[in-house]
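# Here is a sequence with its predicted model. Questions after.
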Amino acid sequence: MENKNLEKLRYPVGKYKEQENIPPEKLKEYIVTFEQFPYRLHIEIEKLDEKHLDTPYREGGWSIRQVIHHVADSHMNGYIRMKLALTENNPVIKPYYEDRWAELEDYKLTPTAISFELLDLLHKRWAILMKSLTPLQLKRTYHHPETNEDITLENQIGYYGWHSEHHLAHITELKKRMGWE
């Protein structure tokens, strides 16, 4: 039972499942979710104080502050990966150690408002690019050397829509458990 509870805390919206062909309507849903994420994140964190921001969403997990900075870092990497896939033939992307990045001093010292503003502007720009992709461009890929997989841009859009929901749920579920609402 403990493993099931831990899994629910780690993946409150479930794990992302790669799809062969994502229907256009579903892609639009992912993009809308992605576009709305910065606003929804702002609503969830605007009344949290420093103590709240430094609370981990689960035992052994990241604090809300680390989650916010992680999402900014992850989505910047994702944006660059998409641009690489659009301009190169199946480029090999550079993985990074998310856990090590989360331990760097900027995650502790940077106000969350800075990562929030970065996310807001990045999502606006990236959504414009996402919406402009043709069916052929959506099938372009990049290669992830850790998983040895070629990732299509349509799946990348799906993943980052999911990733937004995933980390937002870390915050909303913690707020419910702690009675901060």
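Ah, there it is. Note that the structure is a prediction, hence the values are computed from the model and not measured.
# Can you list the residue ranges for strands in this structure?
141-144, 149-152 (DSSP state E).
# Tabulate those strands (CSV), appending distance to D54, mean neighbour count and mean pLDDT.
In this view, the C-beta of every residue, glycine as well, is placed from N, C-alpha and C. Below are those laid out as CSV (distance: least, C-beta to C-beta, whole Å; neighbours: other C-beta atoms under 10 Å; pLDDT from 0 to 100):
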stretch, distance to D54, mean neighbour count, mean pLDDT
strand 141-144, 32, 17, 98
strand 149-152, 34, 17, 97
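# mind checking the longest helix of this structure?
In the chain, taking DSSP state H as the definition, the longest helix is helix 153-178.
# List the buried residues of that one.
153-175 (16 or more other C-beta atoms under 10 Å).
# center of the chain, which residue is that?
Geometric centre of the chain, nearest residue: H163, 3.6 Å, by C-alpha atoms, centre = their mean.
# I'd like the distance from that one to Y79, if you could.
Distance from H163 to Y79, counting by C-beta to C-beta, to the nearest Å: 12 Å.
# Considering helices and strands only, name the one in the chain with the lowest mean pLDDT.
helix 2-10 (a mean of 83; mean pLDDT, DSSP states H and E).
# Contacts for it next, please.
Residues from elsewhere that reach helix 2-10 (C-beta atoms under 8 Å, 6 or more residues apart in numbering): Y57, R58, G61, E173.
# what does stretch 94-110 give?
By C-beta under 8 Å, 6+ apart, stretch 94-110 touches W62, R65, Q66, H69, H70, D73, S74, N77, H144, P145, E146.
# would you list these in JSON lines and tack on distance to P135?
Listed next are the contacts of stretch 94-110 as JSON lines, based on distance: C-beta to C-beta, whole Å:
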{"residue": "W62", "distance to P135": "37"}
{"residue": "R65", "distance to P135": "40"}
{"residue": "Q66", "distance to P135": "37"}
{"residue": "H69", "distance to P135": "35"}
{"residue": "H70", "distance to P135": "32"}
{"residue": "D73", "distance to P135": "30"}
{"residue": "S74", "distance to P135": "26"}
{"residue": "N77", "distance to P135": "25"}
{"residue": "H144", "distance to P135": "22"}
{"residue": "P145", "distance to P135": "27"}
{"residue": "E146", "distance to P135": "28"}
